[in-house]
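[1] Sharing a sequence plus its predicted fold:
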Amino acid sequence: MAQDKKFVEAITSMNEDFARWYTDIVKKADLVEYSGVKGCMIIRPYGYALWELIQKELDRRFKETGHENVYMPMFIPESLLQKEKDHVEGFAPEVAWVTHGGSEELTERLCVRPTSETLFCDHYKDIIQSYRDLPKLYNQWCSVVRWEKTTRPFLRSVEFLWQEGHTAHATAEEAQEETIKMLNVYASFCEEVLAIPVIKGQKTEREKFAGANETYTIESLMHDGKALQSGTSHNFGDGFARAFEIQYLDKDNQLKYVHQTSWGMSTRIIGAIIMVHGDDSGLVLPPRIAPTQLVIVPVQQQVEGVLEKAYELKERLSKICRVKIDDSDKMPGWKFSEHEMRGIPLRLEVGPKDIQKNQVVLVKRLNREKLFVSMDELETKIPEVLEDLQNALYNKALEMRKSKTFTAVNMDEMERILNETPGFIKAMYCGNEECEITIKDRMGATARCIPFEQEQISDKCVCCQKEAKHMVYWGRAY
RNA sequence: CGAGGUGUAGCGCAGCUGGUAGCGCGCUUGGUUUGGGACCAAGAUGCCGGGGGUUCAAGUCCUCUCACCUCGACCA
């Protein structure tokens, strides 16, 4: 089992301690450094490069679906935050307040935005008058602050980077269409770019966003069997519009409330990339999101001609992929491990022997498989291998999820599965919140979503055994 | 906010019944090396988390405090 051999002792093994494994990777792969403020992280160049690629891919998809980027203030006056009742109640426990400007106490406290619904609403109220002003399709890239007590890099930090889309529509139908459209954007982004398979579905009443009529979600499953909400899309109906009096004059000369949506994806998704694809040697990045897709490691670089050839290859290959060269004076083995830890999908080794044979060695991060490739065929071979790796990662993640997805018809069965083989549990639900609470209290699992793709596991609710309304994915979650 | 744990060099740690600071890795310089974490030599690096006490003497004992980590309750 040479493939499973561990070359680096620095990373705690996944099976030994998953939480430690995660923090080890985050630090050893140079994604994050802890900062002086509890719960706030320094995102280092490699981690930020990941985020930039995520931004680039998502932003392109937002633009393609007609959205425009804006920037809202970071501060929200207390009175503004108060306007929508459910919304404030949802966020009140975790907002940070600014009370002073310099040495002077403010007449009204300012909240550091935990999310920007109220700001967008306040703005929409001013700029929307006519049906001709609709729809408004805005998005904002920013950071938000939520005063969390238990924090972990990417998964839950006090300040995090995200994107929040906020749209206003003339009709309820349009708003619903937008909500689903953006959920699909997230889902295809996750599956196509991040190679993370997701379950699309709707949140239960209990789990939905504060102030939303409906919340839709994509849920993914981590290696330890815990679920991660990877993106959400909300239909607000006209609830916020009524609270903020966002009205427009329709064609029929009637004043009507707009219908709104919001949707977000955050740096948390980086946690998902780590926990879905990573292994005991470190990060594993899908090629489409890898800041460096190919690293060139010269071997015996002191031998005349080796470094020159390596630089020449870098120059050539930079036209077809994101490539870096490691010409430091570390040992080759050290470099191999280092770049594996950072999850670079493909390594190219070139040494005197290769140059003689006019070939290079390509090594896949995923399984350390070696390919000997002629120097003349790199331009066709490398994109092919990267594409294969992208697909292989998706399939592997899908297999992993399948192997951790179970069905249960009663509480004992559900609890046994959760304890013995953590993962998603498909089980029927009556729709009564009491049952959700019972399940949460008894086994710490929550309703992840009511999937669009329904299955009939049984007729009865897994908890109360009364008539079931729908099938729900349950699980312990991050 | 409850329960537990850890703070000593950049990182990981040792430092006993108190006696004035050590190991490994990393770092710097020079040399030999290079196909899975090389070797030799010479270096540099400390408010022992912070305050207060006990003592002739405190990483070490007492006390308060702060920070961080892990696990639970609440959340993207």
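    Sure, I can see it.
[2] residue farthest from the centroid of chain A?
    Within chain A, the residue lying farthest from the chain centre (C-alpha atoms, centre = their mean) is residue A:304, at 45.7 Å.
[3] Let's see the pLDDT reported for the residue of the stretch 201-350 of chain A found nearest RNA strand B.
    Nearest residue of the stretch 201-350 of chain A to RNA strand B: residue A:333, at 2.5 Å (C-beta to the nearest atom of the strand). Quick note: C-beta positions are derived from backbone N, CA and C, even for glycine. pLDDT recorded at residue A:333 is 93.
[4] quick one: secondary structure of residue A:447?
    Put simply, residue A:447 is strand when judged by DSSP: H, G, I helix; E, B strand; the rest coil.
[5] hmm, back to that, what about the residue farthest from the centre of chain A, which SS state?
    With three-state DSSP as the criterion, residue A:304 reads coil.
[6] and it, backbone torsions?
    For residue A:304, the backbone dihedrals (degrees, to the nearest 10) come out as phi -60, psi 130.
[7] again with the one 3 residues further on
    The phi and psi values for residue A:307, taken as degrees, to the nearest 10, are phi -60, psi -40.
[8] quick one: contacts for it?
    A:298, A:301, A:327 (C-beta atoms under 8 Å, 6 or more residues apart in numbering).
[9] Residue A:316 versus that one, what's the distance?
    15 Å (C-beta to C-beta, to the nearest Å).
[10] The residue of the stretch 201-350 of chain A closest to RNA strand B: helix or strand, and which one exactly?
    Using DSSP states H and E, residue A:333 sits within helix A:332-341.
[11] Contacts for the helix or strand following that helix next, please.
    Once helix A:332-341 ends, the next helix or strand along the chain (criterion: DSSP H and E) is strand A:346-350. Contacts of strand A:346-350 with the rest of the structure, by C-beta under 8 Å, 6+ apart, involve A:287, A:293-299, A:306, A:309-310, A:313, A:317, A:332, A:336, A:339-340, A:360-365, A:382, A:385-386, A:389.
[12] Output strand A:346-350 in PDB with nothing but the alpha carbons.
    Extracted in PDB, the C-alpha atoms of strand A:346-350 (Å, rounded to 0.1, in the frame of the first residue of the first chain):
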ATOM      1  CA  LEU A 346      -0.500  17.600 -10.500                       C
ATOM      2  CA  ARG A 347       3.300  17.500 -10.100                       C
ATOM      3  CA  LEU A 348       5.800  17.500 -12.900                       C
ATOM      4  CA  GLU A 349       9.200  16.000 -12.100                       C
ATOM      5  CA  VAL A 350      12.000  16.700 -14.500                       C
END
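[13] Each with direction, which strands does it pair with?
    strand A:294-298 (parallel), strand A:359-364 (antiparallel) (DSSP bridges).
[14] Just the angle for that strand relative to helix A:332-341, thanks.
    160 degrees (axes from the mean of the first three to the mean of the last three C-alpha atoms, to 10 degrees).
[15] elements contacting the following helix or strand past strand A:346-350?
    Note on strand A:346-350: by DSSP H and E, the next helix or strand toward the C-terminus is helix A:352-357. When contacts are defined as 3 or more C-beta pairs under 8 Å, 6 or more residues apart in numbering; DSSP states H and E, helix A:352-357 packs onto helix A:306-317.
[16] If we use 10 Å, what do you get?
    Judged by 3 or more C-beta pairs under 10 Å, 6 or more residues apart in numbering; DSSP states H and E, helix A:352-357 is in contact with helix A:306-317, strand A:359-364, strand A:370-374.
[17] hmm, that helix in reach of RNA strand B?
    Yes - counting by C-beta under 7 Å from any atom of the strand, contacts between helix A:352-357 and RNA strand B involve A:352-354.
[18] closest to residue A:11 among these?
    Of all these, residue A:354 has the smallest distance to residue A:11: 29.8 Å, by C-beta to C-beta.
[19] need the contact list for that closest one.
    Residue A:354 makes contact with A:298-299, A:306, A:309, A:348, A:360-361, A:372-373, A:375, according to C-beta atoms under 10 Å, 6 or more residues apart in numbering.
[20] interface residues of the stretch 201-350 of chain A facing RNA strand B?
    Residues of the stretch 201-350 of chain A lying near RNA strand B (C-beta under 7 Å from any atom of the strand): A:209, A:229, A:232, A:264, A:266-268, A:281, A:299-302, A:329-338, A:340-341, A:349-350.
[21] which residues in chain A form helices?
    Counting by DSSP state H, chain A has these helices, from start to end: A:18-28, A:45-64, A:78-81, A:85-91, A:117-127, A:172-188, A:239-244, A:268-277, A:306-317, A:332-341, A:352-357, A:378-403, A:411-420, A:433-443.
[22] Ok, which of these comes nearest residue A:157?
    Among the helices of chain A, helix A:268-277 sits nearest to residue A:157 (C-beta to C-beta), with 8.7 Å.
[23] can you give me the angle the closest one makes with helix A:18-28?
    Using the same axes, to 10 degrees: helix A:268-277 against helix A:18-28 is 110 degrees.
[24] wait, doesn't residue A:416 sit right on residue A:408?
    Yes - counting by C-beta atoms under 10 Å, residue A:416 sits close enough to residue A:408 to count as a contact (8.4 Å).
[25] Same drill for these two, tell me which one is more crowded.
    residue A:408 (20 against 14; other C-beta atoms under 10 Å).
[26] For the more buried one, which residues are in contact?
    Residue A:408 neighbours (C-beta under 10 Å, 6+ apart): A:414-418, A:425-428, A:457-458, A:462, A:474.
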